[in-house]
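# Compute the structure for the input listed below.
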Amino acid sequence: MDDDAAGVAAGVVGLYQRHGLAWEADRQAGHRRHPDIERPWLDRFLTLAPPGPMLDLGCGGGQPMASYLIAQGRAVTGVDTAPALIALAGTRMPDQDWRVADMRGLDLGARYAGILAWDSFFHLDFADQRAMFPVFQRHALPGAPLMFTSGPRHGVAMGSYAGEPLHHASLDPADYRALLDAHGFDVMDFRPEDRDCGGRSVWLARRGREP
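Predicted coordinates:
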């Protein structure tokens, strides 16, 4: 990754802190079918999960992902770096556990029945993505599913929001498979550029053996 891309990746936290509420409003207005397009993946995720609360990394304002899990009877711990978005999630769903924190290096001292990093993990740079797999491992109960979105292949894709550059990155699928395997997760499915889910590339894995 070149220095410019690395700098933009480091600035994603600040971008969401500055523009998180506007981004949330735009997302809700532009995706009125949510959680319809995510529901098939969320239902598979729930089917795999043992009893217990879920962890949503990069939860934003809690919709549509956390709110769907809660509607299915699951407790949720949501983590995001943007205080305004965590406050919004707390207003919407006050009975859940919402925390202002960075997923990188996270250690909540608890294990969860499922872990989501949906449309959040892919904002991290290559090194930070690799470093997330020990985070996933230490927070996953045996049998817990892990679901995250990436790109379809290795590379950096630059977007923009509110006139600021917005970083997305992906490792090669073979690298994700190796990292999942090394940290005790079995790949259940990988769907690159799933047309039924807005073109997202979706990984679904499950914590199995101890690595």
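# and the end-to-end length of stretch 195-203?
In stretch 195-203, first residue to last residue: 14 Å (CA to CA, to the nearest Å).
# Likewise for stretch 135-150?
By CA to CA, one end of stretch 135-150 lies 17 Å from the other end.
# do stretch 81-98 as well
End-to-end distance for stretch 81-98: 11 Å, by CA to CA.
# So for that stretch, mean pLDDT?
On average, the pLDDT along stretch 81-98 is 92.
# Tell me the buried residues in that stretch?
T81, A82, A84, L85, I86, L88, A89, G90, M93, Q96, W98 (16 or more other CB atoms under 10 Å). Quick note: C-beta positions are derived from backbone N, CA and C, even for glycine.
# So the last one sits against A89, correct?
Yes: here W98 lies in contact with A89, judged by CB atoms under 8 Å, at a distance of 4.8 Å.
# intersection of neighbour lists for the two?
C59, G62, G78, D80 (CB atoms under 8 Å, 6 or more residues apart in numbering).
# contacting residues around the residue most central in space within the chain?
Nearest residue to the geometric centre of the chain (CA atoms, centre = their mean): A117, 1.4 Å. By CB under 8 Å, 6+ apart, A117 lies in contact with L57, G58, M103, M132, F136, L146, M147, F148, T149.
# and what of D175?
D175 is in contact with R130, H154, counting by CB under 8 Å, 6+ apart.
# got it, and W203?
The neighbours of W203, taking CB under 8 Å, 6+ apart as the test, are L146, M147, F148, T149, S150, Y176, L180, V187, D189, F190.
# Packing partners of the strand or helix carrying R99?
According to DSSP states H and E, R99 maps onto strand 97-100. Applying 3 or more CB pairs under 8 Å, 6 or more residues apart in numbering; DSSP states H and E, we find strand 97-100 packed against strand 76-80, helix 83-92.
# Let me have these in TSV, adding distance to I70 as columns.
Formatted as TSV, the helices and strands packed on strand 97-100 follow (distance: least, CB to CB, whole Å):
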stretch	distance to I70
strand 76-80	6
helix 83-92	10
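# H123 is nearest to which of these?
Each of the helices and strands packed on strand 97-100 was scored for nearness to H123 using CB to CB, and the closest is strand 76-80 (11.7 Å).
# That closest one to helix 83-92, inter-axis angle?
If you take axes from the mean of the first three to the mean of the last three CA atoms, to 10 degrees, strand 76-80 sits at 160 degrees to helix 83-92.
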